[in-house]
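Asks: got a structure for you, letters missing:
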């Protein structure tokens, strides 16, 4: 039996209307649910919001979050592992309620180059002191976008660990004025290589730096020598070089200068007893408190050289895990 064309049209319009209402209701539900989560997690008189334990917002949930008036006094926003994507970042960048933000954590958020561009160009982020983008696929283009920003001038802490920025990303950052106020820079696991580290070492903008993480970057003795020769190395309090290949020659370069280091991580670096003995005889690390050497074959001679050093700082942690702490 043929369906009347008029009834068919009415049915089509009705279904379309019901679908629109359904989609609108989902959006409303998202908004209500987001606000409920915000109210639950909001701290510090509305200035601190960390949503790491609030499920996964995704792009759509983040868009709803960006519309919430509850964010108007926010100073810190944490959206770790929420898979917000570039669309979610753009929503945050355009939000009229995030004008006072000073800290933003987007670890593992699936943020790519376009998201980095949104962060770099948004006036919402002109007051940021901390920006955490660990584990996002920024790539060299994302690093370039951040480096070219004219709004991220207040940053004192930047975490780009595991963001695949590579040598070209390091090149862009080394030339960037967004580094000029940095006290903490984390670039671990970024395939920087020797050239990338040399580029950073030559940067004129890292004069305030106190904490540097270059773990898992293929740093060898040559890169180590360039780092030690940098004009800004003398301000460092923490240097993290876990899982590189600096070897004994890199250690010798390190101890050739007097540095105010309080923490030094040299785990898994191909260091032997020769390097450990050189560390034990270092006269320029009298402030050192934490020294990590796990994963290096330094033998008993090396252990004893460090434990009984008369020139090395008052290191209190065990040379190896499981060893009794020194008094």
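Replies: It's in. Worth saying up front: this structure is predicted, and the values here are computed from it rather than measured.
Asks: Can you tell me which residue is spatially central in the chain?
Replies: In the chain, the centroid-proximal residue (CA atoms, centre = their mean) is residue 159; its distance is 2.0 Å.
Asks: Touching, that residue and residue 133? I think so.
Replies: Yes: Residue 159 lies in contact with residue 133 (CB atoms under 8 Å); the separation is 6.4 Å. For glycine as for every other residue, the C-beta is placed from the backbone atoms N, C-alpha and C.
Asks: where do the contact lists of these two overlap?
Replies: Taking CB atoms under 8 Å, 6 or more residues apart in numbering as the criterion, residue 159 and residue 133 both touch residue 107.
Asks: what residues are up against the closest residue to residue 284 other than its chain neighbours?
Replies: Closest residue in space to residue 284, ignoring its immediate chain neighbours: residue 258 at 3.1 Å, by CB to CB, 6 or more residues apart in numbering. By CB under 8 Å, 6+ apart, the residues touching residue 258 are 234, 283-285.
Asks: same check, this time on residue 229
Replies: Residue 229 neighbours (CB under 8 Å, 6+ apart): residue 201.
Asks: Next, residue 105: phi, psi?
Replies: phi -110, psi 110 (degrees, to the nearest 10).
Asks: any idea how far it lies from residue 131?
Replies: 8 Å (CB to CB, to the nearest Å).
Asks: who does the residue nearest to the centre of the chain bridge with?
Replies: Per DSSP bridges, the residues bridged to residue 159 are residue 132, residue 186.
Asks: So the residue nearest to residue 175 when sequence neighbours are not counted versus residue 242, what's the distance?
Replies: Ranked by CB to CB, 6+ apart and with sequence neighbours excluded, the top spatial neighbour of residue 175 is residue 147, at 6.8 Å. Distance of residue 147 to residue 242, given as CB to CB: 25 Å.
Asks: same thing with residue 229?
Replies: 22 Å.
Asks: And residue 149, by the same measure?
Replies: From residue 149 to residue 242 the distance is 29 Å (CB to CB).
Asks: Please enumerate the strands of the stretch 151-300 of the chain.
Replies: Taking DSSP state E, counting those that start in this stretch as the criterion, the stretch 151-300 of the chain carries its strands at 157-159, 184-186, 211-213, 238-240, 263-265, 290-292.
Asks: which other residues reach the fourth one?
Replies: By CB under 8 Å, 6+ apart, the list of residues contacting strand 238-240 from outside reads 188, 210-215, 259, 261-265.
Asks: element containing the closest residue to residue 57 other than its chain neighbours, please.
Replies: Counting by CB to CB, 6+ apart, the nearest residue to residue 57 once its immediate chain neighbours are dropped is residue 82, at 4.5 Å. Assigned by DSSP states H and E, residue 82 falls within no helix or strand.
Asks: can you check the one 5 residues further on too?
Replies: The secondary structure element spanning residue 87 is helix 85-94 (assigned by DSSP H and E).
Asks: Report the buried residues of that helix.
Replies: Neighbour counts over helix 85-94 (16 or more other CB atoms under 10 Å) mark 85-93 as buried.
Asks: Where does the prediction get shaky in this structure?
Replies: Along the chain, the model assigns pLDDT under 70 to residues 1-32, 320-327.
Asks: If we use 90, what do you get?
Replies: Where the chain drops to pLDDT under 90, the residues are 1-37, 53-56, 307-308, 310-327.
Asks: Okay, helices next: where are they in the protein?
Replies: Using DSSP state H, the helices of the chain run over 5-41, 58-66, 85-94, 113-121, 139-147, 166-174, 193-201, 221-228, 247-254, 273-280, 299-307.
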